[in-house]
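Peer 1: Sequence and predicted model, in that order:
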Amino acid sequence: MKKLFAVTLGILTAIGGFVDIGDIVANSQTGARFGMRLAWVVVLGVGGICVYAEMCGRVAAVAHRGVFDLVRERLGPRIALVNLLGSYAVTMLTLTAEIGGVALAVELATSVNYLLWVPIAAFVIWVVLWRVKFSTLERVFGLAGLALVIFVIAVFRLHPQWSVLGHEATSFGPSDGEEWATYGFFAVALFAAAMTPYEVFFFSSGGVEERWTRKDLTLSRANVFVGFPLGGLLSLAIMACASLVYLPVGAEVDTLGQAALPTAIAAGKLGLALVILGFFAATFGAALETGLSAGYTVAQYFGWQWGKYVPPRRAARFHTVIIVSILIGVAVLLTTVDPIQVTEYSLVFSAVVLPLTYLPILVVANDREYLGDQANSKVTNVLGLAYLVVILVVAVAAVPLMIVTGVGG
Amino acid sequence: MSRRAMWYGIAIALVLLLGAAVPMLRPIDPAGYEDRAVASAEGSLSAVRTAALLARATASGKAFGPYGAVVLGDAREAVATAQRELTTARVPDRRSAALRDEVEPLLAESSAAVGDVGYVLGTGDRAGIDTAAARLDRIGDRLESFVEAHR
């Protein structure tokens, strides 16, 4: 019974924690412009994150070490440094976007300009990272993120023509008036949103923080194979809501307020309150995860003591990296750069560095020295390699598509 | 990383940077101006449609004040950005000037209509909100026609 409870709680946390500012923005924008025509990318991306997160969970449970820790040892400091630089830069950009997302969510509830909330949000994020236990922060914000289920309810309450949604979802190519390049750009953004690099750093290091052992492999796989796909359903619901409300009137989505409006139309003030709570929880939770991931990547590369399972005094350099990363994020946001634009750029550059993140994971997960009988099976390797090809295509296409379309036009 | 690889890396980065910079440095041509006019109309269209959706949701008691204020603020900013981007572009020829004369009044009307919704929502007057939303719909339809004609 206790184990079932733990598995259920883990799954719910994974669902609620799956969506972040990148998913909200990318899915809303895509839904408004293409309907459900890019839903297949979300499915593809969720499949990819499942394949690689399962590997990371296995590495954490069997080797009891974070992926970055092993990447340096296995691939050498030079290659690992390239990996670190790319991954840290993108995690930093994502952290900035998430802090901006928290401030924007509070602005929606208070109408006080988000810039005033940025330093406050950052301070609270730091206090939570400093003081709150890992399992508590993971569960509280993961579960609060379940408020985003309101998007699923909203889809039903908007009374869609299911056949039309289904037809869109099974159509390949852009809608009338849209170009292939724009279609490709949003496909890249959606794929990157589903496979954001920090998710695997957090999942892998989180497993070590929670002291997973081989016995926890079931829990890890349940989180990955049940929690993540259900989290992906939330992404599809966000896309469907935007598609039902904005596509028929020819409007595009450029703000978090617009992303929330379909739930207000469908479910009134309660729906609106829930979606704002969900935005807050999703972005706050992701800010905690990206803040920790920034610390994990740097500390694991340099071999410093890391993690929240040790007192901050014993992991001072790890916590310093987190604080510095948060301060850089705040400084960027206080230049008044639009957090939604930061999100869009973070998705593009996430796409660029995806191979740097996922190739080493595939290498480490095949190493029998670390994993013994839990090293990748043939099936896992075929899937991992197939996804690596997709990841390479996405990485190569990201910047040219960004330039050609002017960041999606 | 060898020194040669480093120089190759720098050379590739410079070529990419130049490739990205060239379109920005080129003076705007008639086709570019038309693209910009369409983009301005599209930006304004999104703001106008969002304001109309919000007005109707608020009239039905489905949205609360602070949220509405933020969404309308964003819509006003979007229209202002659309206006600024068109105004700051150099007009390359007579046809482009005609295009500007066609779209600028629409942007100005959008700005006024989105601005007016703010105080109408504040009064809570249902009939006034319906009138404001209908006005936004009409402007939205004209913007949509412009976009369709010039895309």
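Peer 2: Noted; the coordinates are in hand. Since the model is a prediction, treat every value here as computed from it, not as a measurement.
Peer 1: and the helix or strand hosting A:Glu289, average pLDDT?
Peer 2: A:Glu289 belongs to helix A:256-302 when assigned by DSSP states H and E. The pLDDT scores in helix A:256-302 average 93.
Peer 1: Ok, stretch A:217-233 next?
Peer 2: Averaged over stretch A:217-233, pLDDT sits at 86.
Peer 1: Ok, stretch A:82-95 next?
Peer 2: The model assigns stretch A:82-95 a mean pLDDT of 90.
Peer 1: The helix holding A:Glu289 vs chain B: in contact?
Peer 2: Yes - using CB under 8 Å from any CB of the partner chain, we find that helix A:256-302 touches chain B at A:Gly257, A:Gln258, A:Ala260, A:Leu261, A:Ala264, A:Ile265, A:Gly268, A:Lys269, A:Gly271, A:Leu272, A:Ala273, A:Ile276. Placement of C-beta: from N, CA and C, glycine included.
Peer 1: Could you do stretch A:353-361 as well?
Peer 2: No - counting by CB under 8 Å from any CB, chain B is not contacted by stretch A:353-361; separation bottoms out at 14.4 Å.
Peer 1: Residues in contact with that stretch: which ones?
Peer 2: A:52, A:55-56, A:59, A:67, A:71, A:74-75, A:79-80, A:82-83, A:86-87, A:89-90, A:192, A:195, A:197, A:200-201, A:387-388, A:391-392, A:394-395 (CB atoms under 8 Å, 6 or more residues apart in numbering or on different chains).
Peer 1: picking that back up, let's see the PyMOL selection covering just the buried ones among the residues of helix A:256-302 next to chain B.
Peer 2: Only the buried entries of these go into this PyMOL selection, using 16 or more other CB atoms under 10 Å in any protein chain shown:
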select buried, chain A and resi 257+258+260+261+264+265+268+271+272+273+276
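Peer 1: Can you tell me which of the residues of helix A:256-302 next to chain B comes closest to B:Thr58?
Peer 2: B:Thr58 has its nearest neighbour among the residues of helix A:256-302 next to chain B in A:Ala264, at 8.7 Å by CB to CB.
Peer 1: A:Gly408 sits in which helix or strand?
Peer 2: Going by DSSP H and E, A:Gly408 is not part of any helix or strand.
Peer 1: what about the strands in chain A?
Peer 2: Shown for chain A, no strands are assigned by DSSP state E.
Peer 1: which bits of it sit near chain B?
Peer 2: Applying CB under 8 Å from any CB, one finds that chain A approaches chain B through A:78, A:107-111, A:177, A:245-246, A:249-255, A:257-258, A:260-261, A:264-265, A:268-269, A:271-273, A:276, A:399, A:403, A:409.
Peer 1: what number of residues lie near the closest residue to chain B within the stretch 301-409 of chain A?
Peer 2: Going by CB to the nearest CB, chain B is nearest to A:Ile403 of the stretch 301-409 of chain A, at 5.4 Å. A:Ile403: 16 surrounding residues under other CB atoms under 10 Å in any protein chain shown.
Peer 1: mind checking how far it is from A:Ala181?
Peer 2: Using CB to CB, to the nearest Å, A:Ile403 is found at 10 Å from A:Ala181.
Peer 1: Ok, A:Leu165 next?
Peer 2: 25 Å.
Peer 1: Would you map the helices across chain B?
Peer 2: B:3-25, B:30-59, B:65-87, B:94-123, B:126-150 (DSSP state H).
Peer 1: Lowest mean pLDDT among the helices and strands of chain B, which one is it?
Peer 2: Using mean pLDDT, DSSP states H and E, the weakest-scoring helix or strand in chain B turns out to be helix B:3-25, at a mean of 77.
Peer 1: Which neighbouring elements make contact with that one?
Peer 2: Here helix B:3-25 touches helix A:378-405, going by 3 or more CB pairs under 8 Å, 6 or more residues apart in numbering or on different chains; DSSP states H and E.
Peer 1: Can you pull the residues of chain B lying near chain A?
Peer 2: Checking chain B against chain A by CB under 8 Å from any CB, the hits are B:1, B:16, B:19-20, B:23, B:39, B:42-43, B:45-46, B:49-50, B:52-54, B:56-57, B:60-67, B:69-71, B:73-74, B:78, B:140, B:144, B:147-148, B:151.
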